[in-house]
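# model this:
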Amino acid sequence: MERLTAEETRNGTWVQEFVLEGFPVAEHLRILFFLMHLLAYLASLMGNTLIISITCLDHRLQTPMYFFLSTFSFVECCFITTVIPQLLAIFLSGRQTISFVACFTQAFFFLFLGATVFYLLAVLSLDRYLAICKPLHYPTIMSPRMCFLLVTVCLALGFLFMAGPVVMLSQSSYCGPNVIPHFFCDFGPLANLSCLDTRSVEMLFFNLALIVLFGSLLVAIFAYSNIVVTIVGLPSAREQQRAFSTCSSHLIVLSLMYGSCVFIYMKPKQTSRLDTNREAALVNTVVTPLLNPVIYTLRNKQVHQALRDALSRVKLPRFQRSNAPSL
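Below you'll find the model as predicted:
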């Protein structure tokens, strides 16, 4: 689309709302896709809520690792809630209109929460590094105050890095097409619809996204390279297997998250390949949040035991009441 100068847009028609195009789905398949994504959304919420609840209720899981994991689950719930309800509405109606303010608000919270997720993944990597490589210093370093501080820093960095590009893009002129070829308001599609030249804002966003993604990835690489060296040096095969099982679930989540986001955002020109970005964004917003609680719970013996104990506490009173002697 040809970019206009600021003077040329003064007399233009200002866009008051955008139209989210969603996915090109046949009419008779809309309800099926709606139900599939609704079930995936509910399953993600239930799985992440289960992790948060178990962490709060079981004193054995009230450790730094599970504090970060429960915080990660809470941010994931907020992250998918900024996008999936909109996608469900699109499947029901075919297209969905969204106001100018609501669109940029959605874009901000999506990017802010997404950046926070990556910083939390980096913190989880550091936590595993300290627990395995520095076990004697771990209780002192990962104090409750330090855990709270790290989560606060993750939120603050996510806000600071993503607020600037979104605010700058919202100040641009939108005087032409208002159809977004996506199922939510993302930075790339919005930059593509602007009547002004947004290359400077796009480059700023690209650099900040580069810092968020590869900065947190470097922390994870540093942590797990040291973890591997430490695990290889353990004396028994059983200890090695236990240490690897602790970290394998986190590595799976890292691969899923970084793979999809690098494909979407690591392009200086945000206007390219918007159609393929939709499919990658679907993985990032639907598939990965659904798999995260499954990966963390099914591969974790401590969570298994906490769930069994919680279920036994629920069943035991009922059994006792049913077998209580009648007067």
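# what residues does stretch 43-63 touch?
66-67, 69-70, 73-74, 76-77, 80-81, 286, 289-290, 292-294, 296-297, 302-303, 305-307, 309-310 (Cβ atoms under 8 Å, 6 or more residues apart in numbering). No exception for glycine: its C-beta is placed from N, CA and C like everyone else's.
# And these, which of them are buried?
66-67, 69-70, 73-74, 76-77, 80, 286, 289-290, 292-293, 296-297, 303, 306 (16 or more other Cβ atoms under 10 Å).
# how about the helices in this structure?
30-57, 64-81, 84-93, 100-133, 138-141, 144-170, 187-193, 199-232, 237-265, 274-282, 288-298, 301-322 (DSSP state H).
# Out of these, the one nearest E17 is which?
Evaluated with Cβ to Cβ, the helices of the chain place helix 100-133 nearest to E17, the distance being 6.2 Å.
# From the rest of the structure, what touches stretch 282-296?
37, 40-41, 43-44, 47-48, 50-51, 69, 72-73, 76, 79-80, 83-84, 87, 114, 183-184, 249, 252-253, 256-257, 260-261, 264, 303.
# any weak-confidence spans in the stretch 1-150 of the chain?
Across the stretch 1-150 of the chain, the ranges flagged by pLDDT under 70 are 1-13, 26.
# if we go to 80?
1-15, 22-28, 58-61, 94-95 (pLDDT under 80).
# In ChimeraX, select just the buried ones from the contacts of stretch 282-296.
Selecting only the buried entries of the contacts of stretch 282-296 in ChimeraX, with 16+ other Cβ under 10 Å as the criterion:
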select :37,40,41,44,47,48,50,51,69,72,73,76,79,80,83,84,87,114,183,184,249,253,256,257,260,261,264,303
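# Please list all residues in contact with A40.
286-287, 290.
# Pipe the residues you listed into CSV and attach pLDDT and distance to E21 per row.
Shown next, in CSV, are the contacts of A40 (pLDDT from 0 to 100; distance: Cβ to Cβ, whole Å):
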residue, pLDDT, distance to E21
V286, 81, 17
V287, 78, 21
L290, 80, 24
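# give me the low-pLDDT residue ranges for the stretch 151-300 of the chain?
In the stretch 151-300 of the chain (pLDDT under 80), the answer is 176, 231-284, 287-288, 291-300.
# rerun at 50
270-273 (pLDDT under 50).
# in stretch 150-162, what's buried?
150-151, 154-155, 157-159, 161-162.
# contacts for it?
With Cβ under 8 Å, 6+ apart, stretch 150-162 has contacts from 68, 71, 108, 111-116, 119-120, 123, 208, 211-212.
# Apply 7 Å and report the result again.
For stretch 150-162, contacts defined as Cβ atoms under 7 Å, 6 or more residues apart in numbering pick out 71, 108, 111-113, 115-116, 119-120, 123, 208, 211-212.
# and that stretch, how far out from the chain's middle?
Centroid separation between stretch 150-162 and its chain, computed with Cα atoms, centre = their mean, to the nearest Å, is 14 Å.
# what do you get for stretch 143-155?
Distance, centroid of stretch 143-155 to centroid of chain: 18 Å (Cα atoms, centre = their mean).
# repeat for stretch 135-142
Counting by Cα atoms, centre = their mean, stretch 135-142 comes out at 28 Å from the chain centroid.
# can you check stretch 113-129 too?
That offset, for stretch 113-129, works out to 11 Å (Cα atoms, centre = their mean).
# sorry, back to before: can you redo the contacts of A40 as JSON lines with distance to G188?
Listed next are the contacts of A40 as JSON lines, based on distance: Cβ to Cβ, whole Å:
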{"residue": "V286", "distance to G188": "19"}
{"residue": "V287", "distance to G188": "20"}
{"residue": "L290", "distance to G188": "24"}
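# of those, closest to Q241?
L290 (27.5 Å).
# Wait, T230 touches I132, no?
Yes - counting by Cβ atoms under 7 Å, T230 touches I132, with 5.5 Å between them.
# Give me the more crowded residue out of those two.
More crowded of T230 and I132, by other Cβ atoms under 10 Å: I132, with 20 against 16.
# Look up how far S70 lies from the more buried one.
21 Å (Cβ to Cβ, to the nearest Å).
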